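Novice: no sequence on hand, only this structure:
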């Protein structure tokens with residue numbers, strides 16, 4: 001029996017209850033009392049606010065990592081109870097918005113044209129919603145005669161929105177799709193949404209003024225905030241050049257709005273004294289307000305520019321890493337393909353009948369190796385593993401190819417997982433073929449009388465664990481029974497004698513002893529499978 005297997009005497013000897021009770025009585029209760037006194041004296045440390053906050057986020061993160069099996073069971077319960085419809089509806093709504101407002105929805109980040117095209121599509125969707133908001137703001141008008149004027153202005157703004165959207169769509173979708181066209185659509189969209197926000201604010205200011213002021217907020221102030229929203233939308237392009245142009249235009253336009261629309265300084269510009277008196281009236285409220293608005297706008301634009309610049313630098317580094325990854329993918333596929341080709345050539349036996357004989361021989365080796373493991377007292381699981389390892393170079397030969405990946409320019413995570421599995425199987429097959437070659441080298445060296453101490457030491461350094469020795473011994477017996485160009489086929493008893501007298505230095509004595517003792521069983525396995 002293998003020394004790794006527990007004997008019954010050893011098992012029961014380690015569970016002698018009488019000895020345990022004796023040891024416990026000899027110790028007494030003092031160590032136990034000391035232990036409890038020690039535990040009771042230690043008070044738990046009170047956690048601070050920061051530690052509690054960290055624990056909260058840690059628990060939240062753990063709650064988000066649900067077991068997939070539990071999620072599947074919960075999904076089955078939802079479907080059985082009829083509550084899954086709401087969940088599917090919410091999923092469809094979420095997917096709808098992700099599809100239309102996600103920048104990286106199935107695009108190649110290294111293709112600038114496709115990336116900018118996707119950004120234009122997303123910005124168009126955002127502008128479409130923003131146009132609805134702009135129309136709602138422009139519909140807010142005055143009563144009486146001004147209502148007709150308000151409707152006319154709203155209709156004119158609608159026409160500008162419609163034709164601008166059509167122009168951007170035509171430029172974006174027109175074939176052939178070039179980077180210059182996408183950049184043109186980008187600049188038109190950016191300038192358009194900024195100018196439209198400014199137009200809506202001017203319209204609200206001129207038609208409503210301060211008539212609807214309420215507390216700290218009003219409709220005109222909401223219209224003013226639309227300009228900041230337009231800048232945020234433009235920043236979604238993550239183009240510092242566009243932002244640079246837009247910021248210069250914004251500073252000029254907003255300065256004009258501040259001094260003409262928000263505060264009509266032109267009405268007091270007949271002389272410098274009147275203008276100065278108007279600016280410093282009420283402790284300089286007008287001057288301070290214009291200065292603060294300009295300062296906030298400048299700080300806001302600096303923040304947006306910094307964010308876009310950081311995103312651009314990250315994208316540049318990401319593209320660089322993707323380029324390196326693509327180069328590594330090509331090398332990886334090439335290396336894996338070459339390794340698989342080498343394995344195929346190495347195990348190739350020539351003609352078809354020769355290949356079939358090799359497959360049959362491998363099956364006989366696997367059966368004898370599993371049987372020998374059984375005689376050695378190995379578990380059924382270990383014997384099955386020996387059997388599978390003995391046949392892996394036969395059963396898994398069709399998996400060693402990369403044809404399905406040759407047509408792909410980029411590999412995804414699923415492809416990497418498949419290649420990893422193929423590579424692992426390939427490495428195991430290489431080890432199995434190495435064991436096959438070891439058996440051939442040993443038998444040939446003994447028949448050609450070239451064996452010495454260095455050769456034996458070298459062979460024993462190759463896969464010399466017990467499981468490999470079991471397969472090796474079965475393989476050597478198979479080789480001895482088959483003809484080779486350096487020897488003729490041997491009878492069963494002659495093969496057993498050679499194993500016992502010649503090949504014993506390569507094996508554990510127990511393995512050789514089991515094989516020789518049950519030699520008749522191995523002969524029976526050999527003949528039975530040879531007939532089949």
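Specialist: Perfect, thanks for sending it. For clarity, every value in this text was computed on a predicted model and none was experimentally measured.
Novice: from here on, contacts and neighbour counts on C-alpha atoms
Specialist: Fine.
Novice: quick check: which element contains residue 381?
Specialist: Using DSSP states H and E, residue 381 falls within helix 380-395.
Novice: in that helix, what's buried?
Specialist: By neighbour count on 16 or more other C-alpha atoms under 10 Å, the buried set for helix 380-395 is 383, 384, 386, 387, 388, 389, 390, 391, 392, 393, 394.
Novice: same question, stretch 239-255
Specialist: Neighbour-count burial for stretch 239-255, counted by 16+ other C-alpha under 10 Å, picks out 239, 240, 242, 243, 246, 247, 250, 254, 255.
Novice: with stretch 523-530 instead?
Specialist: Within stretch 523-530, the residues that count as buried by 16+ other C-alpha under 10 Å are 523, 525, 526.
Novice: burial count for residue 186?
Specialist: Close neighbours of residue 186, defined as other C-alpha atoms under 10 Å, add up to 25.
Novice: just the buried residues of stretch 523-530: which are in helices?
Specialist: Applying DSSP state H to those, the entries found in helices are 523, 525, 526.
Novice: could you measure the first one against residue 364, distance?
Specialist: It stands for residue 523. 10 Å (C-alpha to C-alpha, to the nearest Å).
Novice: what's downstream of the strand or helix carrying residue 132, the next helix or strand?
Specialist: Element membership for residue 132 (DSSP H and E) is helix 112-139. Scanning forward in sequence from helix 112-139 by DSSP H and E, the next helix or strand is helix 145-173.
Novice: so which elements touch that following helix?
Specialist: helix 112-139, helix 179-207 (3 or more C-alpha pairs under 8 Å, 6 or more residues apart in numbering; DSSP states H and E).
Novice: next, the angle helix 179-207 makes with the following helix or strand past the last one.
Specialist: Same thing as helix 179-207. Remark: after helix 179-207, the chain's next helix or strand is helix 219-235, criterion DSSP H and E. Between helix 219-235 and helix 179-207, the angle comes out at 170 degrees (axes from the mean of the first three to the mean of the last three C-alpha atoms, to 10 degrees).
Novice: quick check: angle from the helix or strand just after helix 219-235 to helix 179-207?
Specialist: Downstream of helix 219-235, the next assigned helix or strand under DSSP H and E is helix 240-256. Using the same axes, to 10 degrees, the inter-axis angle of helix 240-256 relative to helix 179-207 is 20 degrees.
Novice: what average pLDDT does the helix holding residue 132 get?
Specialist: Helix 112-139 comes out with an average pLDDT of 86.
Novice: give the buried residues for that helix.
Specialist: Of the residues in helix 112-139, 113-124, 127, 130-131, 134-135, 137-139 count as buried by neighbour count, 16+ other C-alpha under 10 Å.
Novice: which elements pack onto that helix?
Specialist: Against helix 112-139 (3+ C-alpha pairs under 8 Å, 6+ apart) you get helix 84-101, helix 145-173, helix 179-207, helix 219-235.
Novice: which among those is found nearest to residue 502?
Specialist: Shortest distance between residue 502 and the helices and strands packed on helix 112-139, using C-alpha to C-alpha, is found for helix 84-101: 71.7 Å.
Novice: out of the helices and strands packed on helix 145-173, which is closest to residue 155?
Specialist: helix 112-139 (9.0 Å).
Novice: quick revisit: and the helix holding residue 381, what other elements does it pack with?
Specialist: Checking 3+ C-alpha pairs under 8 Å, 6+ apart, helix 380-395 ends up next to helix 352-375, helix 413-447, helix 466-481.
Novice: I'd like the next helix or strand past the shortest one.
Specialist: Right, the one you point to is helix 466-481. Next element after helix 466-481 (DSSP H and E): helix 492-501.
Novice: any regions of the stretch 101-250 of the chain where pLDDT drops low?
Specialist: Low-confidence segments of the stretch 101-250 of the chain (pLDDT under 70): 101, 103-110, 141-146, 209-217.
Novice: hmm, try it at 50
Specialist: Filtered on pLDDT under 50, the stretch 101-250 of the chain yields the residue ranges 211-216.
Novice: what does the chain give?
Specialist: 1-27, 39, 66-69, 211-216.
Novice: how does it divide into domains?
Specialist: The chain resolves into domains spanning 68-99, 107-325, 348-531 when parsed by automatic domain parsing.
Novice: okay if I get these as TSV plus distance to residue 52?
Specialist: Formatted as TSV, the domains of the chain follow (distance: least, C-alpha to C-alpha, whole Å):
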stretch	distance to residue 52
domain 68-99	28
domain 107-325	32
domain 348-531	37
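Novice: quick one: closest of those to residue 50.
Specialist: Here domain 107-325 is closest among the domains of the chain (C-alpha to C-alpha), at 28.9 Å.
Novice: what about residue 182, how many residues nearby?
Specialist: Residues near residue 182, counting by other C-alpha under 10 Å, number 25.
Novice: check residue 365 too.
Specialist: 28.
Novice: same check on residue 399?
Specialist: Around residue 399 there are 13 other residues, counting by other C-alpha under 10 Å.
Novice: thought residue 422 was touching it, still the case?
Specialist: Yes - counting by C-alpha atoms under 8 Å, residue 399 touches residue 422, with 6.7 Å between them.
Novice: show me what stretch 455-465 is in contact with.
Specialist: 435, 438, 442, 469, 505, 506 (C-alpha atoms under 8 Å, 6 or more residues apart in numbering).
Novice: now swap in stretch 443-450 and tell me
Specialist: So stretch 443-450 is contacted by 451, 476, 479, 480, 486, 487, 502 (C-alpha under 8 Å, 6+ apart).
Novice: for the last one, phi and psi?
Specialist: So that's residue 502. Backbone torsions of residue 502, given as degrees, to the nearest 10, read phi -110, psi -40.
Novice: next one: the first one
Specialist: Main-chain torsions, residue 451, degrees, to the nearest 10: phi -80, psi 130.
Novice: what about the closest residue to it other than its chain neighbours, how many neighbours?
Specialist: In this structure, residue 451 finds its nearest non-sequential neighbour in residue 445, 5.7 Å apart by C-alpha to C-alpha, 6 or more residues apart in numbering. Neighbourhood size, residue 445 [other C-alpha under 10 Å]: 15.
Novice: check contacts around residue 259.
Specialist: The neighbours of residue 259, taking C-alpha under 8 Å, 6+ apart as the test, are 265, 266.
Novice: quick one: it from residue 208, how far?
Specialist: Look at residue 259 and residue 208: by C-alpha to C-alpha, they are 18 Å apart.
Novice: residue 515 too?
Specialist: Distance, residue 515 to residue 208, using C-alpha to C-alpha: 103 Å.
Novice: settle it for me: which of these two has more neighbours?
Specialist: Legend: neighbour count by other C-alpha under 10 Å for residue 515 and residue 208, higher for residue 515 (27 against 16).
Novice: check contacts around that one.
Specialist: When contacts are counted by C-alpha under 8 Å, 6+ apart, residue 515 touches 372, 522.
Novice: in the helix or strand where it lies, what's buried?
Specialist: In this structure, residue 515 sits in helix 509-517 according to DSSP H and E. Under the neighbour-count criterion of 16+ other C-alpha under 10 Å, helix 509-517 has 511, 512, 515, 516 buried.
Novice: stretch 279-296 too?
Specialist: Result for stretch 279-296 [16+ other C-alpha under 10 Å]: buried residues 279, 286, 290, 294.
Novice: again with stretch 177-196
Specialist: Using 16+ other C-alpha under 10 Å as the test for burial, stretch 177-196 gives 178-179, 181-183, 185-187, 189-196.
Novice: list the contacts of it.
Specialist: Under C-alpha under 8 Å, 6+ apart, the answer for stretch 177-196 is 112-113, 116-117, 120, 123-124, 127, 134, 164, 168, 171-172, 227, 230-231, 233-234, 237, 242, 246.
Novice: one more time with 7 Å, if that's ok
Specialist: Outside of stretch 177-196, the residues within contact range by C-alpha atoms under 7 Å, 6 or more residues apart in numbering are 113, 116, 117, 120, 168, 171, 172, 227, 230, 231, 234, 242.
Novice: list the contacts for the last one?
Specialist: Put plainly, it is residue 242. Contacts of residue 242 were listed using C-alpha under 7 Å, 6+ apart, and they are residue 187.
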